[in-house]
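Chemist: Here is my input, please return the structure:
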Amino acid sequence: MAANLFSVSPVMVSQQTHHNGHEILYNFLLCNAAALQEEWSFTQDYQAPCQISPTSWKFRVTLKRAPSSLLVSGSVKLKRNDSINNAVKVFIVMRINHDEFREYFPFPTVNIKIEPGEEICVNICDIVPNPSYRYLLCQELSVMVSIYITKCHQHMKKRFRTTDTRSGMERMHFSKM
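Modeler: Residues are numbered from 1 along each chain as shown. All right, here's what the predicted structure looks like:
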């Protein structure tokens, strides 16, 4: 009986700070998506641990099955909630794959600048777009959503260089924003 039910593993979230931005990675397993009866969603608020531009986000992934069909559609939404007055660049990649099926199912990749208050939405008409692989909806699928926020570190205080004529050494100077 339990094998015929839809289930989702706990969503694993990992975060990394890079020299040019921040990456948030969401991973989870869908078990028997063909048995999905009601809409399923996962929502999380995220505060980028950035000293320069501490942006704030709401992430949401949603899945639903079309009535009387095996089609499972979904969406990924990312809304910027902060009021910091600078655009940042967001790169979103979503992949769904199966252990026995080495290729991942292709979904649109988003690479866009986003201002405070704006929202990005990626709609997925069918999480298994190839009808030949529809049987995989009854098995375990691995879902990965990677969000990479960049250009936030470019809003550092303006800097300029001067040369100390006595030593020839360069010094950094910072101006207030």
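
Chemist: low-scoring stretches of the chain, by residue?
Modeler: Segments of the chain classed as low confidence (criterion: pLDDT under 70) are 1-3, 102-105, 153-177.

Chemist: mind running it again at 50?
Modeler: Per-residue confidence for the chain (pLDDT under 50) gives these ranges: 1, 156-177.

Chemist: Tell me which residue is most central in it.
Modeler: Geometric centre of the chain, nearest residue: Ile147, 3.0 Å, by C-alpha atoms, centre = their mean.

Chemist: Residues in a beta bridge with that residue, which ones?
Modeler: Ile24, Ile92 (DSSP bridges).

Chemist: How about Val61?
Modeler: Phe42, Val76.

Chemist: number of nearby residues for it?
Modeler: By other C-beta atoms under 10 Å, 22 other residues sit near Val61. Just so you know, the C-beta spots here come from the backbone N, C-alpha and C atoms, and that holds for glycine as well.

Chemist: Report the buried residues of stretch 86-99.
Modeler: Ala87, Val88, Lys89, Val90, Ile92, Val93, Met94, Arg95, Ile96, His98 (16 or more other C-beta atoms under 10 Å).

Chemist: Confirm for me that the first one is in contact with Thr150.
Modeler: No: checked against C-beta atoms under 8 Å, the pair Ala87 and Thr150 is beyond contact range at 10.8 Å.

Chemist: Doesn't Leu137 belong to a helix?
Modeler: Yes: under DSSP: H, G, I helix; E, B strand; the rest coil, Leu137 falls within a helix.

Chemist: Please name the nearest non-neighbouring residue to it.
Modeler: Ala34 (4.0 Å; C-beta to C-beta, 6 or more residues apart in numbering).

Chemist: now stretch 81-93, how far from the centre of its chain.
Modeler: Between the centre of stretch 81-93 and the centre of its host chain there is 12 Å, according to C-alpha atoms, centre = their mean, to the nearest Å.

Chemist: thinking again about what came up before, ok, so of the buried residues of stretch 86-99, who is nearest Tyr46?
Modeler: Distance to Tyr46, by C-beta to C-beta, is smallest for Val90 among the buried residues of stretch 86-99, at 11.7 Å.
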